[in-house]
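**Q** sequence plus predicted model, see below.
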Amino acid sequence: MIAETGHYALVLALALALIQSTVPLVGARRGDVALMNVARSTALAQLLFTGASFALLVALHVISDFSVVNVFENSHSLKPLIYKITGVWGNHEGSMLLWVSILALFGGLVAAFGNNLPLSLRAHVLAVQAWVASAFYLFILFTSNPFLRIANPPIEGRDLNPVLQDIGLAVHPPMLYLGYVGFSISFSFAVAALLEGRIDAAWARWVRPWTLVAWIFLTLGIAMGSYWAYYELGWGGWWFWDPVENASLMPWLAGTALLHSAVVMEKRNALKVWTVLLSILTFSLSLLGTFLVRSGVLTSVHAFATDPARGVFILLILCIFIGGSLSLYAWRASSLKQGGLFAPISREGALVLNNLFLTAACATVFIGTLYPLALEVLTGDKISVGAPFFNLTFAPLFVPLMLAVPFGPLLAWKRGDLYGAAQRLTAAGIAALVAIAVLWAWTRGGATLAPLAIGLAVFVIAGALTDLAERTGLFRLPLAVSFRRAQGLPRSAWGSAFAHAGVGVALIGVVCETTWNSEYIATMKPDQVAKVAGYELKLDGISQRQGPNFREMIAQFSVSRDGRPLQVMTPSKRSFTTRGMSTTEAALLTRGVSQLYISLGEASADGGIAVRIYHKPLVLLIWFGPVLMAFGGLLSLSDRRLRVGAPKPAKAARALQAAE
Amino acid sequence: MRKLIAILVVVACAAFAGASAYAVQPDEIMADPAKEARARELSRELRCMVCQNQSIDDSDAPLARDLRLLVRERIAAGDSDNQVIDFLVARYGEFVLLKPRFSPHTLLLWLLPPLILIGGGAALWAYSRRRIAAAGVGDAGLQLTDNEKARLERLLESDPSVAPKDPHG
């Protein structure tokens, strides 16, 4: 009964979405307020029904109703409750349902909090949102229905893939989807603007907070996925340039560019046409990511060809939305008026440069990810494009971008003074040179690039601080005045400083981890001692334990440094009986922001066990960086001027006039 | 196995295929640390062909182990890095390289990224010059007009850095 209700709720949501796709548009054409308001109620009702449908699927997993295929294939009665819940989106059907639920959530939010939007804009936005929703409801109902029953219900399920039975992965997909799907709002706003043929600074002001929300979630989602890979996959890697990762990186890069161009549009009424294009591209890349991950095309072009139902359906959705929105763009973009002028050296110019590099970086990832697929389809040649390619092409794009980051906020709008900005960055530049010199002296004979990269990171961080110091008049004015200014500084200024510093922090982590990582691989027997980066790790012994749905082999290590005992580390290896798979549970010992990392391999016949021990200096900075960026985003979001997502009505009217 | 990989790919948005990857085993390591370091470097450039986008250094698949041993065998036999790579390409094809060689069929792959950057930069520059020229404003036209200043101030009311008194505003 639960399954049927969930299925039915989903069908009703589709019906509501179809109404929402059409009626408000008719209303907008006729100027009929009642019809335009249909969008609001249908969006809220859609959220209710999709939410109910999702909650019912969760209920099915929690009560382990194995008469439902989805539960049978991905759950087990002995699985801990938390993983019964998170297992809902640990599979294709469930994760697509989560996808549309989040889409409905965003639609509902616009409906609920979009009272200050012009009525026809809201009607258009929600209608476009419903187009996307309808397509995905159809996709789920026709090819990926999670509510299907089995004729002869088995008594036990097949369990969830053990790698996914982890708290990191429980939270990662929802975060990522909040990001992916959140960009649908900027997409809908862009298409609505094209349909209406009208766009102004107020539009950018409405779009920015939504983009920011999506960007914050995507940033955290990617960082979390990376940390999960780091501790769960057992060899301490945190980024693999895997197509699935690239699929999430592309919308992030485009979304970051969008955040910056929306600033120019809001503040200076320029870059309108470009901002609209970026909004479309960012969500298109989210859709592309969904296609790449969901269609199986990545496993092999042939796997896609043998079971094409889902792949072709998503490909169709992809073509309709991307093709459609880009055609609309080509047709209508010229009707959008050009905004203010600016000199190449100016705040706007710096933001355009940022967009150029981020877009080029995004294109590089796009080409690297899809080139092998395209080549195989067209010529049959098989090539691989992996980490070495991306490291080689991506880094040169990021170096100039990072060099430019500190200059941007110090340049004036419209026409800036590069020399003046450079003067004010003298201290930051000196800090960077000192960092390089110290590192060079300290690691004499070591890697030459690493100190330079860290110097660059220090420059970015010091640059962010310089920006704050300049704005508050720190060191120039009496401390009390600076303090008052700091309090009066808009939160978005703090936000961008934090976010920019976050980029530098992450870079330091990346460079340290890749350059000064120590590794120890050996077969160890009890009472043997491994020495890694000044730490002594003694293997005390190996024991066995029975978990709820796995057996576990645990090794115990006593860690000491200079003869002083520090802590006990217990890496383990779990064997999951139902699927016959095993996972490594690495043990981590955090010292400051560095970590010791132990993962276990196979036990040998003579009582030894293969171990990998790593010392990863400053590794945690890799994820603190994105957390800082997201925190900066939150600060910006909490800015008084952005909080409600739009200016007060009186101001909105003025802004609209100014734009005409 | 294929189904399993498919599930993994489908499931996680950041699934990197291969459950308990373990890679280099203790018994594979070469006695000479310099040679071992070379072997590790090379391993990172070579693909485990039955895995998804994993290098043989990362993968615990039996094939990856065979390839790692093969690389070490060639190094022990005195091959240079390039000879080892050539040997593997001759045996397994270009597919084994994670960084494709520069050749006619990878021309676009290697050239597009820099072309996009340079082309985009040039287009932006030309566009910006044309717009400024078309607007017929000299340098003076690029100062913020009073109207624009007022607008910015409205937007940034409490932002001291753009307050009129600030020379950098």
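**A** Sure thing, it's come through. Numbers count the residues shown, from 1 in each chain, chains lettered A, B, ... in the order given.
**Q** next secondary structure element downstream of the lowest-mean-pLDDT helix or strand in chain B?
**A** Sorting the helices and strands of chain B by mean pLDDT, DSSP states H and E puts helix B:2-11 at the bottom, at a mean of 37. Moving toward the C-terminus from helix B:2-11, the next helix or strand (DSSP states H and E) is helix B:33-45.
**Q** and the angle for the helix or strand that that next one is followed by with helix B:33-45?
**A** Following helix B:33-45 in sequence order, the next helix or strand is helix B:62-76 (DSSP H and E). Angle between the axes of helix B:62-76 and helix B:33-45 is 140 degrees (criterion: axes from the mean of the first three to the mean of the last three Cα atoms, to 10 degrees).
**Q** helix B:62-76 packs against which elements?
**A** Helix B:62-76 sits against helix B:33-45, helix B:81-92, with contacts defined as 3 or more Cβ pairs under 8 Å, 6 or more residues apart in numbering or on different chains; DSSP states H and E. Just so you know, the C-beta spots here come from the backbone N, C-alpha and C atoms, and that holds for glycine as well.
**Q** compare those helices and say which comes out lowest on pLDDT.
**A** For the helices and strands packed on helix B:62-76, mean pLDDT drops lowest on helix B:33-45, to a mean of 88.
**Q** so which bits of that one are buried?
**A** For helix B:33-45, burial by neighbour count (16 or more other Cβ atoms under 10 Å in any protein chain shown) applies to B:36, B:38-40, B:42-45.
**Q** just give me the neighbour total for the closest residue to chain B within the stretch 351-500 of chain A.
**A** Here the stretch 351-500 of chain A gets closest to chain B at one residue, A:Gly386, 3.1 Å apart by Cβ to the nearest Cβ. Close neighbours of A:Gly386, defined as other Cβ atoms under 10 Å in any protein chain shown, add up to 24.
**Q** spit out the contact partners of it.
**A** Residues near A:Gly386 by Cβ atoms under 8 Å, 6 or more residues apart in numbering or on different chains: A:241, B:47, B:53, B:55, B:98-99.
**Q** quick one, what contacts A:Thr577?
**A** Each residue near A:Thr577 by Cβ under 8 Å, 6+ apart is listed here: A:549-551.
**Q** likewise for A:Ile436?
**A** Residues near A:Ile436 by Cβ under 8 Å, 6+ apart: A:451-452, A:454-455.
**Q** can you say which two of the residues you listed are spatially most distant?
**A** Between any two of those, the greatest separation by Cβ to Cβ is 7.4 Å, found for A:Leu452 and A:Ile454.
**Q** A:Val559 against A:Leu539, yeah?
**A** No: taking Cβ atoms under 8 Å as the definition, A:Val559 is not a contact partner of A:Leu539, at 10.9 Å.
**Q** on that earlier part again, want to throw the contacts of A:Ile436 into JSON lines with pLDDT, neighbour count and secondary structure?
**A** Formatted as JSON lines, the contacts of A:Ile436 follow (pLDDT from 0 to 100; neighbours: other Cβ atoms under 10 Å in any protein chain shown; DSSP: H, G, I helix; E, B strand; the rest coil):
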{"residue": "A:Pro451", "pLDDT": "91", "neighbour count": "21", "secondary structure": "helix"}
{"residue": "A:Leu452", "pLDDT": "92", "neighbour count": "17", "secondary structure": "helix"}
{"residue": "A:Ile454", "pLDDT": "94", "neighbour count": "23", "secondary structure": "helix"}
{"residue": "A:Gly455", "pLDDT": "94", "neighbour count": "21", "secondary structure": "helix"}
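**Q** grab the nearest non-local neighbour of residue 132.
**A** By default, I'm working from chain A. A:Ser184 (5.7 Å; Cβ to Cβ, 6 or more residues apart in numbering or on different chains).
**Q** let's do chain B instead
**A** Counting by Cβ to Cβ, 6+ apart, the residue nearest B:Ile132 is A:Leu341, at 6.1 Å.
**Q** how many neighbouring residues does that neighbour have?
**A** 20.
**Q** same check, this time on the one 3 residues further on
**A** Using other Cβ under 10 Å, A:Pro344 has 17 neighbouring residues.
**Q** OK, contacts around it?
**A** B:125, B:128.
**Q** give me the pLDDT value at it.
**A** Value for A:Pro344, per-residue pLDDT: 81.
**Q** who touches A:Arg310 in this structure?
**A** Contacts of A:Arg310 (Cβ under 8 Å, 6+ apart): A:92, A:139, A:143-144, A:294-296.
**Q** quick check, A:Val213 in contact with A:Ser184.
**A** No: A:Val213 is beyond contact range of A:Ser184, at 11.7 Å (criterion: Cβ under 8 Å).
**Q** show me which of these two is the more surrounded one.
**A** A:Ser184 (25 against 21).
**Q** wait, that one sits on A:Phe283?
**A** Yes: counting by Cβ under 8 Å, A:Phe283 is a contact partner of A:Ser184 at 5.4 Å.
**Q** ok, back up a step: would you list the helices and strands packed on helix B:62-76 in TSV and tack on distance to chain A?
**A** Shown next, in TSV, are the helices and strands packed on helix B:62-76 (distance: least, Cβ to the nearest Cβ, whole Å):
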stretch	distance to chain A
helix B:33-45	5
helix B:81-92	10
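**Q** and A:Pro118, which of those helices is closest to it?
**A** helix B:33-45 (54.9 Å).
**Q** residues of the helix or strand harbouring A:Leu249 that come out buried?
**A** For A:Leu249, the host element (DSSP H and E) is helix A:243-268. Neighbour-count burial for helix A:243-268, with 16+ other Cβ under 10 Å as criterion, is recorded at A:243-268.
**Q** one more: stretch B:123-133?
**A** Applying a neighbour-count criterion of 16+ other Cβ under 10 Å, the buried positions in stretch B:123-133 are B:124, B:128, B:132.
**Q** again with stretch A:145-152
**A** A:145-147.
**Q** same check, this time on stretch A:30-50
**A** Applying 16+ other Cβ under 10 Å to stretch A:30-50 flags A:35-40, A:42-50 as buried.
**Q** possible to save the contacts of A:Ile436 as JSON lines with distance to A:Leu103?
**A** Listed next are the contacts of A:Ile436 as JSON lines, based on distance: Cβ to Cβ, whole Å:
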{"residue": "A:Pro451", "distance to A:Leu103": "46"}
{"residue": "A:Leu452", "distance to A:Leu103": "44"}
{"residue": "A:Ile454", "distance to A:Leu103": "41"}
{"residue": "A:Gly455", "distance to A:Leu103": "44"}
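**Q** with distance to chain B added, can I get the residues you listed in TSV?
**A** Shown next, in TSV, are these (distance: Cβ to the nearest Cβ, whole Å):
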residue	distance to chain B
A:Pro451	21
A:Leu452	21
A:Ile454	22
A:Gly455	23
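**Q** closest to B:Asp86 among these?
**A** A:Leu452 (32.4 Å).
**Q** what about the residue lying closest to the closest one once chain neighbours are set aside, which helix or strand?
**A** Closest residue to A:Leu452 apart from its sequence neighbours, by Cβ to Cβ, 6+ apart: A:Ile436 at 6.2 Å. A:Ile436 is part of helix A:426-442, with elements assigned from DSSP H and E.
**Q** CA atoms only: put that helix into CSV for me.
**A** Listed next in CSV are the C-alpha coordinates belonging to helix A:426-442 (Å, rounded to 0.1, in the frame of the first residue of the first chain):
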residue,chain,number,x,y,z
THR,A,426,53.2,45.0,-1.7
ALA,A,427,52.9,43.5,1.7
ALA,A,428,51.1,40.5,0.3
GLY,A,429,53.8,40.1,-2.3
ILE,A,430,56.6,40.3,0.3
ALA,A,431,54.8,37.7,2.4
ALA,A,432,54.7,35.4,-0.6
LEU,A,433,58.4,35.9,-1.4
VAL,A,434,59.3,35.3,2.3
ALA,A,435,57.3,32.1,2.2
ILE,A,436,59.1,31.0,-1.0
ALA,A,437,62.5,31.8,0.4
VAL,A,438,61.9,30.0,3.7
LEU,A,439,60.6,26.9,2.0
TRP,A,440,63.5,26.9,-0.4
ALA,A,441,66.0,27.1,2.4
TRP,A,442,64.2,24.5,4.4
